Every structure is written in C-alpha cells, then in structure tokens.
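Engineer: Need a 3D model of the following:
(one chain, ligands or ions: 2)
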Amino acid sequence: MRTYPQKPRNRFNTVIEPEIVDRVKQMVLCARNIVITCHVSPDGDALGSSTALCAVLGALGKDACIVTADCPPKTLMFLPGVRDIVSSTRNPERAHELISNADLVFCLDFNDLKRVDRLGEAFEKAQAWRIVIDHHTAPLIECEVLISHPEVSSTSALLYIFLWQAGWARYLNRSSAACIYTGMMTDTGNFAYNSNDPDLYLIIHDLLRKGIDKDNLYKLVHNNATQSGIRLNGYAQFRTEYLSNGRVALIMLNQDNLRDFGYSKGDTEGLVNIPLTIPDVQWSIYMREDSDDLVKISMRSKGEFPVNMVCEKEFGGGGHINASGGEFHGPLIEALSVILEVIPKYENLLV
Ligand code: 5GP
Ligand code: MN
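Structural biologist: Ligands and ions are numbered 1, 2, ... in the order given. Prediction:
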C-alpha cells in the first residue's frame, strides 16, 4: 500500500506552525463579522496586506471589512479595495459600529494597540477574537493567535505564506495579488534591502502567475511626484545637516517650509533614505513639524545601528532596526534641542 507523507512538504523557509494555520482557518470559517485593521498612517505593507486579506475573505464568502484610524495616502489609492476602507477620521460612527459588531479582528502590520491610535480603546473593548499577523519585533497585542515573524521583510509576504499554507492562495486574483506585491515591494525599498530571502522570489513568481504587472505597480507607487513636492525635497536635502563626523544626517522641515512648498501628505516619503546613499552616513533622521505641538520623526540606518531602540526610548515610537519612527510633542525647535542631546548618547553604536 502506498504511504503518504503525514505533513505537506514546506515550500518556504518561513513556516507557520500548521496547528496555528488550522486554528486561524477555523476561526475565520466560524466568524460572521470580520474586521481587519492596520497601523495609523498606513503604508504600502499595511494597506497591501489588509486589502489582500479582505479580498480573500470575501472570496471565501465572508463578511469582512477594513477599519483604520486614518485615511490611506493618495499614492496608494490605486490599490484594489482601498476605497472601501472605513477610516475613523472620515466616518467615526461607522468605524466604531463595525468594531463593536466584529467577532473576529485581524491586526496586520503592527505590534501594539497604541499604533491604531484613536481606535485602540474600541478594539480593546470589542468582544472579538484577535489574530495578529505581523513582522515587528516584540509584539504586545493580547490575542488568541499570534503569527509574528520579524525575519520576514513584510507583513504582506508573511500573509502570503499563511494563505499558501492554508490552501487559500488560490483565492487570490490579479487584484489581490497586486496588493501583496505592493506591500512586499514597499517594505523592502523595491527589493533593495531585507530582500535576500529566496522565499520572496517564490512568492513573486506566484504573484506574476496571477497576472500582476510588477513594472506598472512600481510606477503607480513611485512615479507620482509633483513639482512642489520635488522642490520641497530639494530644499530639505540642500539644508540637511551632517553631524558626528558625517555619520549622522539631520533633515528638518518646519510648518512654514511645509506651507511655502504646498506640502501634502506623502510628498516627503523616501526623503529620510536619501542621506544613506552617502557611504559614511549610517543614521538618518527626519523631523517634520506637523503642528505647534507635534513633530513626526522618521529614522533610517545601516547595519547594526538600532533606530528602533532610539525611537522607542526617546520618542515613544518603534519599528524595525533600520527603519523606525516616533513623535515629539512640542515645536520643532524643542525637538531639535532634544535630538542634539540624543545623538551623542548613541554615537558609540556607530562604526
Ligand atoms: P516611517 O519612517 O516610514 O514613518 O516609519 C517607518 C517604520 O517605523 C514603520 O513601518 C513603523 O514600523 C515604524 N513607526 C513609524 N512611526 C512610528 C510610531 O510613531 N510608533 C511606532 N511604534 N512605530 C512607528
Ligand atoms: Mn510592514
């Protein structure tokens, strides 16, 4: 008699425990109202993974929707399904109603309920099971199921691995495959970093087979600059300060600069990465004064320099070792004096 292997062979290096995959499948199949959420200021990975999962759940015949704290950026409005997102800035009553009626909540691409901002309390109160799928370190969300793989470069790639293991990748179509690809592409800087894992290319192979146009997705995400945005970025680069013997870059834009150049959300996406193209620069800091008492901070680094630790300890934020963010409550001028004290504290970690 022929014998069959007990377990299906793993295709990817990253493996989610089969018991966990089964558990999620059971929870999905039993759920009536599913809500998917991701972090505030959602990026390509947060929105890509959320829209892809929502589409797959829809294809399974489930009632699922995406609820977020704030609106998606204009540059990602092309993602199929993004226009159906219920954001609490636009539609607070509906957002709260959906959360309180949910019996299953998926938390994608974040590790702490603080990251859903004004919706944190509603999610905490909701009588729903919670499933976390994320790639940030040290997850803090209380949940029934945790799929946390910081070694995977994007939540979208991790979601694909889950769907494949669940036998649900077949429910992806060209549109939802494009959502997954967009998340994978944006969280790896177009496969320029965190992208040596062969799994990624197996996934891309599958997504291409679903009919995605990866070259066009790159254009949709990146080729949408405006004259004023380019001028603002040029101005910010011209005024960047290089400190600590050229190893640290500090970019600052105050409210006047933003107003003068007609800033709109997303215009300076990618700006913080530019100083790292100088070989000596290992730590790049961008501080943007959004209001009199809020400075949004973004940091990027190379190698072992842990910007997530700096953002967590100094600016109540977090993220990944080489890409993190946080906030400073006060005007930019005060944030500047703080950062000038913070930089020397971590200088010993620079090489
Ligand atoms: P960005 O600099 O592009 O805004 O954010 C880079 C990464 O840092 C994000 O993917 C996210 O993981 C993290 N991040 C950004 N801002 C915050 C924040 O305010 N709090 C926390 N915990 N993480 C943040
Ligand atoms: Mn991500």
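Engineer: give me phi/psi at residue 304?
Structural biologist: Torsion angles at residue 304 (phi, psi; degrees, to the nearest 10) stand at phi -90, psi 0.
Engineer: quick one: contacts for it?
Structural biologist: Residue 304 makes contact with 321, 349, 351, according to CB atoms under 8 Å, 6 or more residues apart in numbering. Where C-beta positions appear, they are placed from N, C-alpha and C, glycine not excepted.
Engineer: Check it and give its pLDDT.
Structural biologist: Confidence at residue 304, expressed as pLDDT, is 97.
Engineer: What lies in contact with stretch 118-131?
Structural biologist: By CB under 8 Å, 6+ apart, the residues outside stretch 118-131 that reach it are 24, 27, 31, 35, 37, 67-69, 88, 95-96, 99-100, 102-107, 113-114, 116, 141-147.
Engineer: from the contacts of residue 304, which is closest to ligand 1?
Structural biologist: residue 321 (10.5 Å; CB to the nearest ligand atom).
Engineer: for the chain, what helix or strand is lowest in average pLDDT?
Structural biologist: Least confident helix or strand, the chain: strand 318-320 with a mean of 94, by mean pLDDT, DSSP states H and E.
Engineer: name the helices or strands packed onto it?
Structural biologist: Secondary-structure packing of strand 318-320 (3 or more CB pairs under 8 Å, 6 or more residues apart in numbering; DSSP states H and E): helix 307-315, strand 323-328.
Engineer: what does the first one rub up against?
Structural biologist: Contacts made with helix 307-315 from outside it, assessed by CB under 8 Å, 6+ apart, are listed as 137, 283, 297, 299-301, 317-328, 338, 342, 346.
Engineer: Mind giving me the PyMOL select for the residues you listed, buried ones only?
Structural biologist: Under the burial definition 16 or more other CB atoms under 10 Å, those of the contacts of helix 307-315 that qualify are selected in PyMOL by:
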select buried, resi 283+297+299+300+301+317+318+319+320+321+322+323+324+325+326+327+328+338+342+346
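Engineer: hang on, the earlier thing: can you tell me which of the contacts of stretch 118-131 end up in helices?
Structural biologist: Of the contacts of stretch 118-131, the ones assigned to helices by DSSP state H are 24, 27, 95, 96, 99, 100.
Engineer: Report the contact partners of the first one.
Structural biologist: Right, residue 24. For residue 24, the contact set (CB under 8 Å, 6+ apart) comprises 131, 145, 147, 162, 166.
Engineer: rerun at 10 Å
Structural biologist: 16, 104, 106, 129, 131, 133, 144-145, 147, 162, 165-166, 168 (CB atoms under 10 Å, 6 or more residues apart in numbering).
Engineer: That one and ligand 2, how far apart?
Structural biologist: Distance of residue 24 to ligand 2, computed by CB to the ion, to the nearest Å: 19 Å.
Engineer: for the stretch 51-200 of the chain, what spans make up the helices?
Structural biologist: For the stretch 51-200 of the chain, applying DSSP state H, counting those that start in this stretch gives helices covering 92-101, 120-125, 155-166, 174-186, 198-209.
Engineer: interface residues of the protein facing ligand 2?
Structural biologist: By CB under 5 Å from the ion, the part of the chain that sits against ligand 2 consists of 45, 109, 155, 187.
Engineer: Neighbour-wise, give me the winner out of those residues.
Structural biologist: Compared across the residues of the chain next to ligand 2, residue 155 has the highest neighbour count, 32 neighbours, by other CB atoms under 10 Å.
Engineer: What is the burial count for the residue lying closest to residue 162 once chain neighbours are set aside?
Structural biologist: With sequence-adjacent residues excluded and distances taken as CB to CB, 6 or more residues apart in numbering, residue 162 is closest to residue 16, at 5.7 Å. Counted with other CB under 10 Å, residues neighbouring residue 16 total 19.
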